[in-house]
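> model this:
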Amino acid sequence: MKKANVLYVDDETTNLTAFKAAFRRSFNVFIAETARKGFEILEKEEIHVVLTDQRMPEITGVEFLKEVIQKYPKPIRILITGYTDAEVIKKAINEGHIYKYIDKPWDNDDLKNIIDKVFEVYCLREENEQLTKDLKRVNKQLEFMLREKLNSE
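Numbering: from 1, shown residues only. You can find the predicted model right below:
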């Protein structure tokens, strides 16, 4: 099984460095200090999991995730923040369609397990999408063959 491509967006360089150091062997880690840089990475790379901090200078994590959904709907989204705010959590769920909300500082083992699980979900969604396409293709072939048979009788 291939490694997950994980994008982490956070304006705090120490968090980005710690994340990359902790997870570079387990995942293909992409980091960005701004939402703009995050979108540049999303444009160039097939990202499976997007993690973002909530409090950033340009836009909030929820605003970033809302744009991610519109432009890149496939990656699974996680919000990481050091601030507990019920309104933010509600917006993250309702508007950012997050899979998980994680408090800072994170526990490396827990976060690795979460990303592993999220990547598994991503892969299952992709497999399901491919199976659905294959099934539609086979159904069209069967319909064509049935019409041909009925027309020949």
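> How about the worst-scoring helix or strand of the chain on mean pLDDT, which residues are buried there?
Of all helical and strand segments in the chain, the minimum by mean pLDDT, DSSP states H and E falls on helix 86-94, at a mean of 71. Judged by neighbour count using 16 or more other Cβ atoms under 10 Å, the buried positions of helix 86-94 are 88-89, 91-92. C-beta coordinates here come from the backbone N, C-alpha and C atoms, glycine included.
> Ok, stretch 120-133 next?
Within stretch 120-133, the residues that count as buried by 16+ other Cβ under 10 Å are Tyr122.
> And stretch 43-55, end to end?
Separation of the first and last residues of stretch 43-55 by Cα to Cα, to the nearest Å is 23 Å.
> scratch that, stretch 93-101 is what I was asking about
End-to-end distance (Cα to Cα), stretch 93-101: 9 Å.
> before we move on, back to that, farthest pair in the buried residues of helix 86-94?
Using Cβ to Cβ, the two most remote members of the buried residues of helix 86-94 are Ile89 and Lys91, lying 7.4 Å apart.
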